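Colleague: Starting from these lines, generate the structure:
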Amino acid sequence: MDSGGIDDETYSAYDKPWRAQDNIQQHIYRPSKNLDKDLYGDDLDRIISTNRFVPDKGFGGAEPGAARNAGPVEFEKEEEDIFGLGQLLQSAKESGKELKKRTADSGADEGSSSSKKRR
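Modeller: Numbering: from 1, shown residues only. Have a look, this model is predicted:
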């Protein structure tokens, strides 16, 4: 069994670091201080100061001179029943009461007439 030449109990795949830690600071990317100047040249200040994404027309109620921190945000109270379900249910109840009343009245009339016929 000793013909392999390597001890099975040793695990030598990760026993040493992959790279030496001495020169690690030199390999980490550090951008230059003038990277923006290298890319854009002297036009960087001009590019930053352009109003490229400013709308031609402002939005209503969003004037730039408006006071922003005048107080807490106030919301307008919406209707409680925006789809009118309460009114629909109320009308259904009323029509149900009327239907019961009609059937009760017609049932009483029919019941009295049918009892007379049977005699």
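Colleague: Quick one: classify residue 103 as helix, strand or coil.
Modeller: helix (DSSP: H, G, I helix; E, B strand; the rest coil).
Colleague: how many neighbours does it have?
Modeller: When neighbours are counted by other Cβ atoms under 10 Å, residue 103 registers 11. All C-beta atoms are positioned from the backbone trio N, CA, C, and that covers glycine.
Colleague: Check the spacing between it and residue 39 real quick.
Modeller: From residue 103 across to residue 39, the span is 86 Å (Cβ to Cβ, to the nearest Å).
Colleague: which residues in the protein form helices?
Modeller: 24-27, 35-40, 44-49, 85-118 (DSSP state H).
Colleague: and these, which one is worst for confidence?
Modeller: Ranked by mean pLDDT, the helices of the chain end with helix 24-27 at the bottom, a mean of 67.
Colleague: so who does residue 81 touch?
Modeller: Contact analysis of residue 81 by Cβ atoms under 8 Å, 6 or more residues apart in numbering lists residue 87.
Colleague: do you know how far it is from residue 10?
Modeller: Distance from residue 81 to residue 10, by Cβ to Cβ: 78 Å.
Colleague: likewise residue 99?
Modeller: 92 Å.
Colleague: do the same with residue 16
Modeller: Distance, residue 16 to residue 10, by Cβ to Cβ: 13 Å.
Colleague: And residue 39, by the same measure?
Modeller: Distance from residue 39 to residue 10, by Cβ to Cβ: 52 Å.
Colleague: same check, this time on residue 78
Modeller: 74 Å.
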